[in-house]
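Q: below is the sequence, then the predicted model.
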Amino acid sequence: MKLSNNDLSTFVRFQREEITAHIVYKKLASITKESANRNVLLEISKEEIKHYHNLKRYTHTDVKPRKRDIFKYYWLARIFGLTFSIKLMEKSEESSQLNYAAYKEYPDLEAMAREEESHEEKLVVMINEERLNYMGSVVLGLNDALVEFTGALAGYTLALNDSKLIALTGSITGIAAALSMASSEYLSTKSEVDSERHPKTSAVYTGLAYVVTVVALIAPFIFFKNVLVALGVMLAVAILIIALFNYYYAVARGESFKRRFGEMAALSMGVALISFLIGILLKQVVEIEL
């Protein structure tokens, strides 16, 4: 069947997506330690190159892959884990299913749509990364640091009115809180029955998430002398951390980004506002100038 100019352009785009996915899955397989996971990725990679050649029967054209996408997904897997990279790939796979299914006059494409759908099922079963098993510990450390620490720094801003002193006080408070959270997570995980998580590893994930967040939130008070400017930058950093983490979490877990981001942002900013007002009130009541 001869393709129209419009369909030819679309099929060439399909080809490029398939050859790109073929290389990406092959590269991801090369960095996957678990043999069962590696085999699944290699199997999907073979299906993608088969799809490419099926499309070539219609286009009679060789198409080069998108090197940018290959680079992107490979390094996302390296830095943020296989799960995150594959979930982003899944979004593209879902669009491929819909695109192929629209061409009902081409039986090959209908079969390819079904195979693309099976990819998602195989990948969901496959994925089991350590970092996701400990995601609850990261959430605990990050969420507690954001909610508690944005509030504490907002309160210190009006109560202390000195950026260096706020940074020093915040550092002491943050380190103590991180150690406390890590200890609590260790004891909590140790008391769990049939838990796959190791208590020490859970504590490390919680503590590190807390410390990293604390450092990011304190930094503006080190670099800006004006406490109100530092407070504004700190709140912006908090929103950025919430957005980045919840985007990662939403993609990796397949949950709603807007809902999670809205909840965490509202909690953090709400506590910060209340603490800021308490700082003003206490300063007026105690009448201490620093």
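A: Yep, that arrived. Residues are numbered from 1 along each chain as shown.
Q: mind listing the helices for the protein?
A: 5-30, 35-59, 67-80, 82-101, 107-126, 130-133, 135-160, 163-191, 199-223, 227-253, 257-286 (DSSP state H).
Q: can I get those helices in JSON lines including mean pLDDT?
A: Shown next, in JSON lines, are the helices of the chain (pLDDT from 0 to 100):
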{"stretch": "helix 5-30", "mean pLDDT": "87"}
{"stretch": "helix 35-59", "mean pLDDT": "87"}
{"stretch": "helix 67-80", "mean pLDDT": "89"}
{"stretch": "helix 82-101", "mean pLDDT": "69"}
{"stretch": "helix 107-126", "mean pLDDT": "70"}
{"stretch": "helix 130-133", "mean pLDDT": "59"}
{"stretch": "helix 135-160", "mean pLDDT": "76"}
{"stretch": "helix 163-191", "mean pLDDT": "85"}
{"stretch": "helix 199-223", "mean pLDDT": "87"}
{"stretch": "helix 227-253", "mean pLDDT": "84"}
{"stretch": "helix 257-286", "mean pLDDT": "75"}
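Q: contact partners for the residue nearest the centre of the chain?
A: What sits nearest the mean C-alpha location of the chain, by C-alpha atoms, centre = their mean, is Tyr248, with 1.1 Å. With contact set as C-beta atoms under 8 Å, 6 or more residues apart in numbering, Tyr248 has these partners: Phe80, Phe84. No exception for glycine: its C-beta is placed from N, CA and C like everyone else's.
Q: please identify the most buried of the helices of the chain.
A: helix 135-160 (a mean of 23; mean count of other C-beta atoms under 10 Å).
Q: could you give the separation of it from the chain centroid?
A: 20 Å (C-alpha atoms, centre = their mean, to the nearest Å).
Q: what is that helix packed up against?
A: If you count contacts as 3 or more C-beta pairs under 8 Å, 6 or more residues apart in numbering; DSSP states H and E, helix 135-160 packs onto helix 163-191, helix 199-223, helix 227-253, helix 257-286.
Q: between the ones you listed, which one is nearest to Val24?
A: helix 227-253 (15.9 Å; C-beta to C-beta).
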